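1. Predicted model, plus sequence, below.
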Amino acid sequence: MLSPRSREMLLLLYMFTQASRRLRAWPQENPAIASRFACLNQPGAVTGSREHAILIRVDRDQIVQLLERHDVQVTAQRVEVAALLLDRPQHVSADQVRRRLQDNGVGVSKATVYNTLKLFCDSGLLRTVDVDPVRQYYDSRTQPHHHFFNVDTGELTDIDPEDIDLSISAALPQGTVSDGAEVLIRVRRQPAG
């Protein structure tokens, strides 16, 4: 069991690593920001400028606050999964989440990944997209929307609700109300010729 101080240090180290990776990934797109945090690109940089400390603190605080707002108990592994999934709209499988965590040097069991994903879905941080009876993706965009599913590539693409006109002429079963509708449109590569 880690002490609160050890957990704090572990989270700070994690956030430093993630901030450093993100900055290395997009300096061409954000040259002004990247130049302000150039210390993160230095090999072995563990401490840095005040700006780099603020960047780490904001990321960590945002993730922790988000988890707390959704009544999710904060753990280092949950912060890792949240940082990976909730920074942008995306669709990923549990295996992809585990692989990405491992690629980032985070050791986490398959059971922990599945349990964390279920917890995040139950708390409203993620939603599931079932593309067939055996494949499930996790969607970080939780507001209502629809999807194209490319059966050739496995890629999911969001469709805004306004872009689909959905009407049902059948009466709802007695004693029920509509709770929403999700449309999944399967597509495949157009045959040549």
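-> Received it, and whenever you're ready, just let me know what you need. Numbering: from 1, shown residues only.
2. Run through the residues that contact residue 78.
-> Residues near residue 78 by Cβ atoms under 8 Å, 6 or more residues apart in numbering: 67, 72, 116, 119. Using the backbone N, CA and C atoms, a C-beta is placed for each residue, glycine as well.
3. do residue 121 as well
-> So residue 121 contacts 127-128, 138 (Cβ under 8 Å, 6+ apart).
4. how about the contacts of residue 78, which pair is most distant?
-> Greatest spatial distance among these (Cβ to Cβ): 67 and 116, at 10.6 Å.
5. Any regions of the chain where pLDDT drops low?
-> With pLDDT under 70 as the threshold, the chain has low-confidence stretches at 1-58, 60.
6. can you do 80?
-> Applying pLDDT under 80 to the chain flags the ranges 1-61, 87, 193.
7. which residues in it form strands?
-> Per DSSP state E, the chain carries strands over the ranges 91-92, 127-132, 135-139, 146-150, 156-159, 184-187.
8. Just name the most buried of those strands.
-> Compared across the strands of the chain, strand 91-92 shows the largest average neighbour count, a mean of 19 (mean count of other Cβ atoms under 10 Å).
9. Mind listing the strands it pairs with, and their directions?
-> In the sheet, strand 91-92 lines up against strand 135-139 (antiparallel) (DSSP bridges).
10. For the partner strand, report the contacting residues that lie outside it.
-> Contacts with strand 135-139, where a contact means Cβ under 8 Å, 6+ apart, come from 85, 89-94, 97, 117, 120-121, 126-131, 154, 156.
11. one more time with 6 Å, if that's ok
-> Strand 135-139 is contacted by residues 91-93, 117, 126-130, 156 when judged by Cβ atoms under 6 Å, 6 or more residues apart in numbering.
12. then that strand to PDB, C-alphas only?
-> The C-alpha coordinates for strand 135-139 follow below in PDB (Å, rounded to 0.1, in the frame of the first residue of the first chain):
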ATOM      1  CA  ARG A 135     -16.700  -6.500 -30.100                       C
ATOM      2  CA  GLN A 136     -17.100  -3.500 -27.900                       C
ATOM      3  CA  TYR A 137     -15.500  -0.100 -28.200                       C
ATOM      4  CA  TYR A 138     -15.300   2.600 -25.600                       C
ATOM      5  CA  ASP A 139     -16.300   6.100 -26.700                       C
END
